[in-house]
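Q: This is a predicted model, with the sequence first.
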Amino acid sequence: MEPMDIVGKTKEDASLPKATITKIIKDMLPAEVRVARDAQDLLIECCVEFINLVSSESNEVCNREEKKTIAPEHLLKALEGLGFGDYMEEVYAAYEQHKIETMQDGVRGGKLGNGGAEMTEEEAAAEQQRMFAEARARMNGGAPLAKPEAHGTPET
């Protein structure tokens, strides 16, 4: 029987897609750097553990505020409380970028009245590559978006 790390889930149930993680690793490192499969597997385990930790802490923040739904603000407070304050500028930038992309996706996907037009497979692939490039730029010291000032949390 598999060990139960997450309530009701086996370790295998709580994983990340290896192909996606491998692509992120390759995109973030110089072309001449190779990463052993064991190291990739360990990185995936670390990512899952990090997600579990942040999720648990976000849930605690949410419960302290007597809310039933974890909101982005709870996650941001959890990261700060877990000692990731040095990364908050990048986290805010990623959050703001996500909100912009979500709004753009709604326009493209017909959610905001463009007659139900869908992206072609080529457009989707190009958009994915653009988003990977933006993420790489942010990770490599690209200019992040300005952090909202109101109460230390992003505006919604």
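A: Here it is on my side, so go on. The structure presented is a predicted model; accordingly, all values stated were derived computationally and were not measured.

Q: tell me the SS of Met119?
A: Using DSSP: H, G, I helix; E, B strand; the rest coil, the structure places Met119 in coil.

Q: what helix or strand does the residue lying closest to Val91 once chain neighbours are set aside sit in?
A: Excluding its sequence neighbours, the residue lying closest to Val91 (CB to CB, 6 or more residues apart in numbering) is Leu79, at 6.2 Å. From N, CA and C alone the C-beta is placed, and that goes for glycine too. Element membership for Leu79 (DSSP states H and E) is helix 72-81.

Q: could I have the helix or strand just after that helix exported to PDB, CA atoms only?
A: As assigned by DSSP H and E, the chain's next helix or strand after helix 72-81 is helix 88-108. C-alpha atoms of helix 88-108 as PDB (Å, rounded to 0.1, in the frame of the first residue of the first chain):
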ATOM      1  CA  MET A  88       7.400  39.000  -2.800                       C
ATOM      2  CA  GLU A  89       8.200  41.500  -5.600                       C
ATOM      3  CA  GLU A  90       8.500  38.700  -8.100                       C
ATOM      4  CA  VAL A  91       5.400  37.000  -6.700                       C
ATOM      5  CA  TYR A  92       3.400  40.200  -7.100                       C
ATOM      6  CA  ALA A  93       4.700  40.600 -10.600                       C
ATOM      7  CA  ALA A  94       3.700  37.100 -11.500                       C
ATOM      8  CA  TYR A  95       0.200  37.600  -9.900                       C
ATOM      9  CA  GLU A  96      -0.300  40.800 -11.800                       C
ATOM     10  CA  GLN A  97       0.800  39.200 -15.100                       C
ATOM     11  CA  HIS A  98      -1.500  36.200 -14.400                       C
ATOM     12  CA  LYS A  99      -4.500  38.600 -14.000                       C
ATOM     13  CA  ILE A 100      -3.600  40.400 -17.300                       C
ATOM     14  CA  GLU A 101      -3.200  37.100 -19.100                       C
ATOM     15  CA  THR A 102      -6.400  35.800 -17.700                       C
ATOM     16  CA  MET A 103      -8.200  38.900 -18.800                       C
ATOM     17  CA  GLN A 104      -6.700  38.600 -22.300                       C
ATOM     18  CA  ASP A 105      -7.500  34.900 -22.500                       C
ATOM     19  CA  GLY A 106     -11.100  35.800 -21.700                       C
ATOM     20  CA  VAL A 107     -11.200  38.200 -24.600                       C
ATOM     21  CA  ARG A 108      -9.600  35.600 -27.000                       C
END
